[in-house]
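Undergrad: Quick one: sequence plus predicted model below, questions after.
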Amino acid sequence: MRDQLLHLPQRSSLSLQAQVREALVNAILAGHVPPGSPLPSGRRLAKQLGVARNTVVLAYQQLVDDGYLIARERSGYYVNDDILRGVVDAAPPHREAPQSLPDWGGRLRVFPSAQRNIVKPLDWRSYRYPFVTGQFDPSRFPVADWRECVRRSLYVGTVQEWAGDSVDEDDPLLIDQIHTRILPRRGVWADPDEILVTVGAQQALYLLARLFIDARSRVGIEDPGYSDARNTFALKTAYLRPLAVDAEGLIIDSQLDGLDYIYTTPSHQYPTTVTMPLARRRALLERAAHDDFVIIEDDYESETNFVDEPTPALKSLDQNERVVYVGSLSKTLAPGLRIGYMVGPRELIKEARALRRLMLRHPPGNNQRTLALFVSSGYHDSLIRRMSHAYKDRWQVLGAMLAEHLPQSAQIPTFGGTSYWVQGPAELDARELMRSAHEQSILLEPGDVHFISDDPPLNYFRLGFSSITSDKIRPGIEKLAALVRTLS
């Protein structure tokens, strides 16, 4: 390799030492540097890469510790002969044209990709006005606090606690924090064996669908409502009943007759953002007990509350074990964390735990422990307070701009949250609005996907404010309102 050129990426989030190490590892594992070959001196490679000599020397020493290199006194560094031993030749074998391929379409029993889903561009950060929902503001992520908890989770004794196969058990410290700190904020009291950690709230919904629902089950879901929940239940039963909502959330009337399960988002109705008042919550619980149905409560944005006295969770009022509560911790921190939980009767949680074991045993132990330390150290409560202040400001600015430029199109959410549900003019097609908005670097979400009907209204759309700063809201709405007028 003495005469080979090595390049570092132009842009990388890694340190220079980590970049040098990664480049050398890639070259070795790709066979570009044969076993036993010498590497350039630290001084020579540093000059070639334009980095400090000490950066290269430290990378070399780390690769010695990891078994990639051998240091020979007064000679230099050489590729360890053992590092590629047992590695299969990466060259693809020559294959004859297949004579017979399986009919995969005929073998598949479900086609989830054919369902109507929310679509969000992965490059949403590149938009100047990202009114995107369900994402986070990277500038608000508590990097220092999270890094400290990651470091504490890597203490030798702590690693021994979480690194082993826990079979189907959750991190006891995280369960304790959910039990004593997270749930009481919503008025929910549950014993540890009534709590299950999941890979996001989405897995909790899938587990419940698998445990509760078969082809004969009658499931009611709010309309408009959460499309992923609708699609999850639709994989198990064709009997999905759209349930109308109004300014107080799910309507409690004859539309609930004959149902086995009801999925609802009472604290912050998805996607309209309205909050179900206490009297209607009690009426729903009375109907559940009288008509013998189970309620799945999705409290997906429970932490984003801008009022002093939030309405307690439906689960907190439940006296007859009629409510299964689903929550998310990744909504507060970052969606990529994928940590949620469900709360329900012991019998249900026992079976959900056994089913989760068949899927993935348990969520990664390191993430569970890091999050548990984050909550127990008080960082979670501090983050919620800071986020509430920031979101409240954006919430108010967006509300004022909508009132000025798109009057009567939206009402201010009563519980908080991170989005507005906007009703455009009757002739507006929000799908066309989205395409035109993209051309002006504005990102929004058409609302038709949230309706159960195959012929949904097209003039609704969502505007999220969790990922856009207040100073961008005003010009973004001004441009968006001009587009709405042009397309209506």
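TA: Looks like it came in fine.
Undergrad: From now on I want contacts and neighbour counts done on CA atoms only, so please keep to that.
TA: Noted.
Undergrad: Any chance of the backbone angles for Phe461?
TA: The main-chain torsion angles of Phe461 are listed as degrees, to the nearest 10 and equal phi -150, psi 160.
Undergrad: Give the residue spans of the stretch 51-200 of the chain that score low on pLDDT.
TA: The model of the stretch 51-200 of the chain has pLDDT under 70 over residues 86-93.
Undergrad: Please state the offset of the helix or strand containing Gln48 from the chain centre?
TA: Following DSSP states H and E, the helix or strand that holds Gln48 is helix 42-49. In terms of C-alpha atoms, centre = their mean, to the nearest Å, the centre of helix 42-49 is found 42 Å from the chain centre.
Undergrad: Show me where the stretch 301-450 of the chain dips below the pLDDT cut-off.
TA: Short version for the stretch 301-450 of the chain, where the test is pLDDT under 70: 306-309, 413-416.
Undergrad: repeat that for 80
TA: Applying pLDDT under 80 to the stretch 301-450 of the chain flags the ranges 302-311, 331, 410-416.
Undergrad: Show me where the stretch 351-488 of the chain has its strands.
TA: For the stretch 351-488 of the chain, the strands defined by DSSP state E, counting those that start in this stretch occupy 419-423, 442-443, 445-446, 460-464.
Undergrad: For Asp65, grab the count of nearby residues.
TA: Asp65 has 11 neighbours, counted by other C-alpha atoms under 10 Å.
Undergrad: And Glu445, by the same measure?
TA: Neighbour tally, Glu445, other C-alpha under 10 Å: 22.
Undergrad: what's the answer for Thr232, then?
TA: The local packing of Thr232 (other C-alpha under 10 Å) involves 20 other residues.
Undergrad: for Tyr379, same thing?
TA: Tyr379, neighbours per other C-alpha under 10 Å, totals 17.
Undergrad: Could you check the helix ranked longest in the chain and say which residues are buried?
TA: Longest helix of the chain, by residue count under DSSP state H: helix 379-405. Counting neighbours by 16 or more other C-alpha atoms under 10 Å, one finds that the buried residues in helix 379-405 are 379-381, 383-384, 387-388, 391-395, 397-399, 401-402, 405.
Undergrad: And for stretch 362-382?
TA: Within stretch 362-382, the residues scored as buried using 16+ other C-alpha under 10 Å are 362-376, 379-381.
Undergrad: so is Ile252 in a helix, a strand, or just coil?
TA: Here Ile252 is coil, with the state taken from DSSP: H, G, I helix; E, B strand; the rest coil.
Undergrad: on that earlier part again, so what does the helix holding Gln48 touch, helix or strand wise?
TA: Applying 3 or more C-alpha pairs under 8 Å, 6 or more residues apart in numbering; DSSP states H and E, one finds that helix 42-49 contacts helix 53-65.
Undergrad: hmm, back to that, in helices only, show me the buried residues of stretch 362-382.
TA: 365-376, 379-381.
Undergrad: and which of the residues you listed is nearest Ile251?
TA: Minimum distance to Ile251 across these is 33.5 Å, recorded for Asp381 (C-alpha to C-alpha).
Undergrad: Would you check how far apart that closest one and Pro172 are?
TA: Relative to Pro172, Asp381 is positioned 20 Å away (C-alpha to C-alpha, to the nearest Å).
Undergrad: Find me the pLDDT at Leu45, would you?
TA: For Leu45, the model assigns a pLDDT of 89.
Undergrad: Please look at it and Val56 and confirm they touch.
TA: Yes - proximity of Leu45 to Val56 meets the contact threshold set by C-alpha atoms under 8 Å, at 7.2 Å.
Undergrad: So for those two, which sits in the more crowded spot?
TA: For Leu45 and Val56, the more surrounded residue by other C-alpha under 10 Å is Val56, and the numbers stand at 25 against 20.
Undergrad: How about the more buried one: what's its closest non-neighbour residue?
TA: Spatially, and ignoring its direct neighbours in sequence, Val56 is nearest to Gly42 (5.6 Å; C-alpha to C-alpha, 6 or more residues apart in numbering).
Undergrad: I would like the residues contacting stretch 219-235, please.
TA: Stretch 219-235 has contacts (C-alpha atoms under 8 Å, 6 or more residues apart in numbering) with 110, 112, 115-118, 202, 205-206, 209, 213, 239-245, 250, 256, 259-264, 269-272, 449-452.
Undergrad: Sort out for me which of the residues you listed are in helices.
TA: Counted as lying in helices by DSSP H, out of the contacts of stretch 219-235, are Gln202, Leu205, Tyr206, Ala209.
Undergrad: The last one contacts Lys236, doesn't it?
TA: Yes - with contact defined as C-alpha under 8 Å, Ala209 reaches Lys236; the gap is 7.1 Å.
Undergrad: which residues does the residue most central in space within the chain contact?
TA: The centroid of the chain falls nearest to Pro335 when counting by C-alpha atoms, centre = their mean (3.0 Å). With contact set as C-alpha under 8 Å, 6+ apart, Pro335 has these partners: Gly134, Gln135, Phe136.
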